[in-house]
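# coords please:
(4 chains)
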2 protein chains.
Amino acid sequence: MDRHQFSKFSNWFDSLTEEQWKKLSSNTVCITYNKGETICKQGSFANTIFFVAKGVQKIYKEYHGQNLIVKFSQKGEMVGLSSMYNSNIQQYTVASVCESVLYAFNVDIVKEIIRANADFAEHIISCLNAEQEEIMERTLSLTQKQLHGRLADAVIYLARRIYRSDNFTLQVTRRDMADFCGTSTESAIRILKEFHDDKIIQVEGKHLKIISNELLERLSEIG
Amino acid sequence: MDRHQFSKFSNWFDSLTEEQWKKLSSNTVCITYNKGETICKQGSFANTIFFVAKGVQKIYKEYHGQNLIVKFSQKGEMVGLSSMYNSNIQQYTVASVCESVLYAFNVDIVKEIIRANADFAEHIISCLNAEQEEIMERTLSLTQKQLHGRLADAVIYLARRIYRSDNFTLQVTRRDMADFCGTSTESAIRILKEFHDDKIIQVEGKHLKIISNELLERLSEIG
DNA sequence: CCCATTAATTGATATGTATCATAAAACAAT
DNA sequence: ATTGTTTTATGATACATATCAATTAATGGG
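Have a look, this model is predicted:
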């Protein structure tokens, strides 16, 4: 494993000493997942911290046959940090929404480095803080806004944070959109169509284009 | 400040060296808050980590004049950890629901100790993990269950985690109960009355007694 | 102790969203 | 191509919960 490769993805690894990097990388495997494959499963043992090199994944809670998608992860992100010190049980199920490449780190070695390297430990805490902030933002959207606001939030989220463009191809299904907005598939479809008819976005199958960011933001704002 | 006093509250401080403890405690103040007083405010600078010595506090998000209570904190808990590395902005508003006593630590010194003391750092990460798990449990309740399930969850939460009894005096208002369940005050009142009429709980003003834990759990389960 | 304010309660009504049913379209496998 | 399966779509209906309105009860300050 080439350290330079990793630095391109993120500054996660910059704080590691040569020795720490060596130990980490010699216990790491690289795995390719196909679209739809499960990467890790809520409730199972968490021996692994993942680092995303390619693709988009959905991170979700399974509950009574329903899924609540908490976030989508992508290149440069660590996945599994929040299950590290929770009796080693995975809090979330992670699944690939397209072909993905992930590096699987051994959690014990990550923990070891946390203890030995203050910069790295700070980095981890900082990530956990950011993750919690993101989750709360979502929780607020899900609980305080009605459907139009929630769908607007979802579209904004995907455009800004995941695809970094106002014009992108959805790799997720309408069902996923619904699970991300805490609603039914039918309702999600209806609202998206409404947005389309109102010329706020343009949806044709999997293709989505934002026409008016202003209107989307207004919808997000008024809930 | 007597170190023994603190060890009674929690094992938070056991990992500190004498010197670290001295530095921390010499920069700490103890504050008493009356019922209803705001302890810290969402959006303000987070220079402080609080340690609860007495009382119950509500931790909530303010959003468009509405409040969403994320959790209640109590004796032995640290408050503010999740805002530590988030550009130092308070993520939550914290208010006292009864007379409370809190110690206010300087966040820079806490950070300093995190860097110097691996056990302490692990403890912090572990707390953040637990906090996120708790938040997700709540988010799941709020988004996937309907009112009966959510109110049942709230009653169970208060009985088990806060008051540690099936028979307690609510220090929070019905409005707070509603804000904890993401509903309107009227709906919260109605459901609680329903529980009362169905002999699941007994509510008389501020006094609440659980009659059937089994039924409460069933309600929580079926959502 | 009384008045003002806030909290708790109850009923009637409105509304957002889920659910059910059904169909068309897209996709995958043989 | 053909078939089965999943995804997307749309309409009709049911229902949970918010909102509005009005009343009573509790609380706290002067």
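
# helices and strands around the helix with the most length in chain A, which ones?
The longest helix of chain A (DSSP state H) is helix A:118-144. Judged by 3 or more Cβ pairs under 8 Å, 6 or more residues apart in numbering or on different chains; DSSP states H and E, helix A:118-144 is in contact with strand A:66-74, helix A:107-116, helix A:147-157, strand B:56-63, strand B:66-74, helix B:107-116, helix B:118-144. C-beta coordinates here come from the backbone N, C-alpha and C atoms, glycine included.

# Let's have the ones you listed in a markdown table, adding distance to DNA strand D and mean pLDDT.
Below are these laid out as a markdown table (distance: least, Cβ to the nearest atom of the strand, whole Å; pLDDT from 0 to 100):
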| stretch | distance to DNA strand D | mean pLDDT |
| --- | --- | --- |
| strand A:66-74 | 12 | 97 |
| helix A:107-116 | 31 | 97 |
| helix A:147-157 | 12 | 98 |
| strand B:56-63 | 13 | 97 |
| strand B:66-74 | 9 | 97 |
| helix B:107-116 | 32 | 97 |
| helix B:118-144 | 10 | 96 |
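
# Taking strand A:56-63 as reference, get the angle to the longest helix of chain A.
Orientation check (axes from the mean of the first three to the mean of the last three Cα atoms, to 10 degrees): helix A:118-144 against strand A:56-63 gives 60 degrees.

# list the buried ones in helix A:118-144?
Neighbour-count burial for helix A:118-144, counted by 16 or more other Cβ atoms under 10 Å in any protein chain shown, picks out A:118, A:120-125, A:127-129, A:131-133, A:135-136, A:138-144.

# ditto for stretch A:70-83
Neighbour count says stretch A:70-83 has A:70-74, A:77-83 buried, by 16+ other Cβ under 10 Å.

# how distant is the worst-scoring helix or strand of chain A on mean pLDDT from the center of its chain?
Least confident helix or strand of chain A, by mean pLDDT, DSSP states H and E, is helix A:3-9 with a mean of 80. From the chain centre to the centre of helix A:3-9 is a distance of 20 Å (Cα atoms, centre = their mean, to the nearest Å).

# Get me the contact residues on chain A for DNA strand C.
Proximity of chain A to DNA strand C (Cβ under 7 Å from any atom of the strand) is limited to residues A:146-148, A:182-184, A:186-187, A:205-206.

# Now the buried members of those residues.
By 16+ other Cβ under 10 Å, the residues of chain A next to DNA strand C give A:147-148, A:182-183 as buried.

# In these, find the pair that's most separated.
Spanning the widest gap among these are A:His148 and A:Gly182, at 13.5 Å by Cβ to Cβ.

# what's A:Thr52 in contact with, if anything?
Quick fix: residue A:52 is Val, not Thr. A:73-79, A:100-102 (Cβ atoms under 8 Å, 6 or more residues apart in numbering or on different chains).

# element containing it, please.
Under the criterion of DSSP states H and E, A:Val52 resides in strand A:48-54.

# Which stretch among the helices and strands packed on helix A:118-144 approaches B:Gln91 most closely?
Ranking these by distance to B:Gln91, with Cβ to Cβ as the measure, places strand B:56-63 first at 7.8 Å.

# check whether that closest one contacts chain A.
Yes - interface with chain A: strand B:56-63 contributes B:61, B:63 (Cβ under 8 Å from any Cβ of the partner chain).

# relative to strand B:48-54, how tilted is that strand?
140 degrees.

# Run me through the strand neighbours of strand B:56-63, direction for each.
Applying DSSP bridges, strand B:56-63 is found paired with strand B:66-74 (antiparallel), strand B:93-96 (antiparallel).

# buried residues in that strand?
B:56-61.

# quick one: which of the residues you listed is nearest chain A?
For the buried residues of strand B:56-63, the minimum distance to chain A (Cβ to the nearest Cβ) is 5.7 Å, reached by B:Lys61.

# Distance from the chain centre to stretch A:148-160, please.
Computed by Cα atoms, centre = their mean, the separation of stretch A:148-160 from the middle of its chain amounts to 14 Å.

# And the contacts of it?
Under Cβ under 8 Å, 6+ apart, the answer for stretch A:148-160 is A:72, A:138, A:141-142, A:145, A:165-166, A:168, A:170, A:177, A:180-183, A:188, A:191-192, A:194-195, A:201, A:208, A:210, A:213, A:216-217, A:219-223.

# hmm, 6 Å instead?
With Cβ atoms under 6 Å, 6 or more residues apart in numbering or on different chains as the test, stretch A:148-160 has contacts from A:141, A:166, A:180-181, A:191, A:210, A:216, A:219-220, A:223.

# cool, stretch A:13-23 as well?
A:3, A:6, A:109, A:113, A:119-120.

# Could you give the average pLDDT over that stretch?
Regarding stretch A:13-23, the rounded mean pLDDT is 94.

# next one: stretch A:194-202
If you average the pLDDT over stretch A:194-202, you get 97.

# And stretch A:144-158, what's buried?
Across stretch A:144-158, burial judged by 16+ other Cβ under 10 Å covers A:144-145, A:147-158.

# May I have the least confident helix or strand of chain A as CSV, with CA atoms only?
Extracted C-alpha coordinates of helix A:3-9, given in CSV (Å, rounded to 0.1, in the frame of the first residue of the first chain):
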residue,chain,number,x,y,z
ARG,A,3,1.1,6.1,1.5
HIS,A,4,1.1,8.8,-1.2
GLN,A,5,-2.1,7.3,-2.7
PHE,A,6,-3.8,7.7,0.6
SER,A,7,-2.7,11.2,1.2
LYS,A,8,-4.5,12.1,-2.0
PHE,A,9,-7.8,10.8,-0.6
